[in-house]
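Trainee: With the input below, show me the fold.
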Amino acid sequence: MQTYRMAHMMIRVFDLEKSIEFYEKAFGFKEIRRKDKPEGKFTLVYLGNETIDFTLELTYNYDPEKPYELGTGYGHLAIEVEDLEASHAFHKSLGLDVANLSGLEKDVKSYYFMTDPDGYKIEVVRKK
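Mentor: Numbering: from 1, shown residues only. Presented below is the predicted three-dimensional model:
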């Protein structure tokens with residue numbers, strides 16, 4: 001059997017620069033590569049950092065008329081962090097759309113959710 005690994009996750013974005021700014025500001029992700037395809041009327045931007053072997057692909061279709069509808073199929077993107085409380089405070093200080101700390105076990109806070117400019121949910125989880 002072959003070995004597989006996660007390579008990237010793609011999401012469609014309405015405002016490419018606003019989305020890049022969000023992921024840079026919130027998580028320190030940087031643009032790793034970009035593919036402009038004017039003939040197909042789209043741009044792909046891959047974001048990541050030196051600590052992960054996984055990228056987030058932002059797909060921007062030129063001149064969208066309105067924001068995408070996420071529907072009921074999208075769940076969330078999960079991102080790990082060592083100091084959950086500090087990360088939560090940081091994201092709140094940026095004025096981002098951040099929910100309260102939460103957890104699956106009583107009195108144990110292990111994650112929080114936030115929302116990016118396109119409405120995608122991001123779960124920030126305490127690194128185990």
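
Trainee: just checking, residue 58 is part of a strand?
Mentor: Yes - counting by DSSP: H, G, I helix; E, B strand; the rest coil, residue 58 is found in a strand.

Trainee: That one: how many residues sit nearby?
Mentor: Using other CB atoms under 10 Å, residue 58 has 23 other residues around it. All C-beta spots, glycine's among them, are computed from the backbone N, C-alpha and C.

Trainee: Test my guess that it contacts residue 19.
Mentor: Yes - counting by CB atoms under 8 Å, residue 58 touches residue 19, with 5.4 Å between them.

Trainee: what do those two both touch?
Mentor: Here residue 58 and residue 19 have residue 13 as joint contacts, going by CB atoms under 8 Å, 6 or more residues apart in numbering.

Trainee: can you map out the strands along the protein?
Mentor: Taking DSSP state E to define them, one finds strands in the chain at 8-12, 30-37, 42-48, 55-61, 77-81, 97-98, 111-115, 121-126.

Trainee: Quick one: residues in contact with the third one.
Mentor: Just to be clear, that refers to strand 42-48. With contacts defined as CB under 8 Å, 6+ apart, strand 42-48 is touched by 8, 16, 20, 23-24, 29-37, 54-62.

Trainee: Neighbouring strands of it in the sheet, and parallel or not?
Mentor: Using DSSP bridges, strand 42-48 pairs in its sheet with strand 30-37 (antiparallel), strand 55-61 (antiparallel).

Trainee: same question, the last one
Mentor: Strand pairing for strand 121-126, using DSSP bridges, gives strand 77-81 (parallel), strand 111-115 (antiparallel).

Trainee: can you redo the ones you listed as CSV with distance to residue 48?
Mentor: Output for those, formatted as CSV (distance: least, CB to CB, whole Å):
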stretch, distance to residue 48
strand 77-81, 11
strand 111-115, 18
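
Trainee: what's the closest of those to residue 70?
Mentor: For residue 70, the closest of those is strand 111-115, at 10.4 Å, according to CB to CB.
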